[in-house]
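Participant: Okay, predicted coordinates and the sequence, questions at the end:
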Amino acid sequence: MDVTIHERTVSFTAEYDINAPGIELYARKAIFSLTGKIELSRAESGLVATLEGHFSPIHNRWDFHFADGRNYSYSCEKVWKGTYVCEGGAGESYHLYQHHGLRFSVFRDDSQIAAFAKNRLVLGNGNRYDIQMNNDADVSVVVSMILALNTSDGDDNNNNTVTFDFGNVGPEDRKFDESWEPT
């Protein structure tokens, strides 16, 4: 399944349009939130999740509260290697790995469920994430992880600029699997 997260180029705060087969989501960061608060919603059915950032000088940390009662804790596990972990109350565990350049992968337990890339040239707030994920992957959890990553990296504050992103040039915790394809 192909999913796209596109940050609106011009807006007072970070706003995102998210498109997946049969699903259209919208996310918006709260205007006066120092640590970050994002509401993820569907046009036809309302609030899907609230993402709440917490202040931490080293490790980015978020809580995801889904409207269906699920809760997840998301944090940076290894700053230098760009490794993030997202854990749910039912024993679910996701890992997001940053690879060289602008590529990322997402694993649930030990199985890869998604891979995505970020655009290199960013106009204003125009970050764009092109995601390939398994058909049975939880779109709302993966999208929440990417939104928190984008906000934590400060990439949602590029108002009226042109940015060229070199991506990750440091070490990787896990190599990108060139042969992976979604199921």
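Facilitator: That came in fine, so what should we check first?
Participant: what about residue 29, neighbour count?
Facilitator: Counted with other CB atoms under 10 Å, residues neighbouring residue 29 total 23. The way it works is simple: take the backbone N, C-alpha and C, and place the C-beta from them, glycine included.
Participant: Let me see the contact set for it.
Facilitator: 13, 14, 15, 36, 37, 38, 151, 156 (CB atoms under 8 Å, 6 or more residues apart in numbering).
Participant: Quick one: which of the residues you listed is the most crowded by neighbours?
Facilitator: Counting neighbours by other CB under 10 Å, residue 38 leads the contacts of residue 29 with 26 neighbours.
Participant: My understanding was that it contacts residue 150; is that so?
Facilitator: No: at 9.4 Å, residue 38 does not count as touching residue 150 under the criterion of CB atoms under 8 Å.
Participant: what is in contact with those two at once?
Facilitator: By CB under 8 Å, 6+ apart, the residues touching both residue 38 and residue 150 are residue 14.
Participant: what's the spacing between whatever helix or strand residue 114 lives in and its chain's center?
Facilitator: If you go by DSSP states H and E, residue 114 is part of strand 111-118. Strand 111-118 has its C-alpha centroid displaced from the chain centroid by 11 Å (CA atoms, centre = their mean, to the nearest Å).
Participant: Mind listing what's buried along it?
Facilitator: For strand 111-118, a neighbour-count test (16 or more other CB atoms under 10 Å) marks 112, 113, 114, 115, 116, 117, 118 as buried.
Participant: so which of these comes closest to residue 98?
Facilitator: Residue 98 lies nearest to residue 118 out of the buried residues of strand 111-118, by CB to CB, at 9.8 Å.
Participant: Now the closest one: closest residue in space that isn't a chain neighbour?
Facilitator: Excluding its sequence neighbours, the residue lying closest to residue 118 (CB to CB, 6 or more residues apart in numbering) is residue 102, at 4.4 Å.
Participant: these two touch, right, that neighbour and residue 117?
Facilitator: Yes: assessed by CB under 8 Å, residue 102 is found in contact with residue 117 at 5.3 Å.
Participant: The contacts of residue 29 into a markdown table, with extra columns for pLDDT and distance to residue 70?
Facilitator: Output for the contacts of residue 29, formatted as a markdown table (pLDDT from 0 to 100; distance: CB to CB, whole Å):
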| residue | pLDDT | distance to residue 70 |
| --- | --- | --- |
| 13 | 77 | 26 |
| 14 | 83 | 23 |
| 15 | 89 | 24 |
| 36 | 78 | 20 |
| 37 | 91 | 18 |
| 38 | 93 | 16 |
| 151 | 82 | 20 |
| 156 | 45 | 25 |
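Participant: min pLDDT across the buried residues of strand 111-118, which one?
Facilitator: Ranked by pLDDT, the buried residues of strand 111-118 bottom out at residue 118, which has 87.
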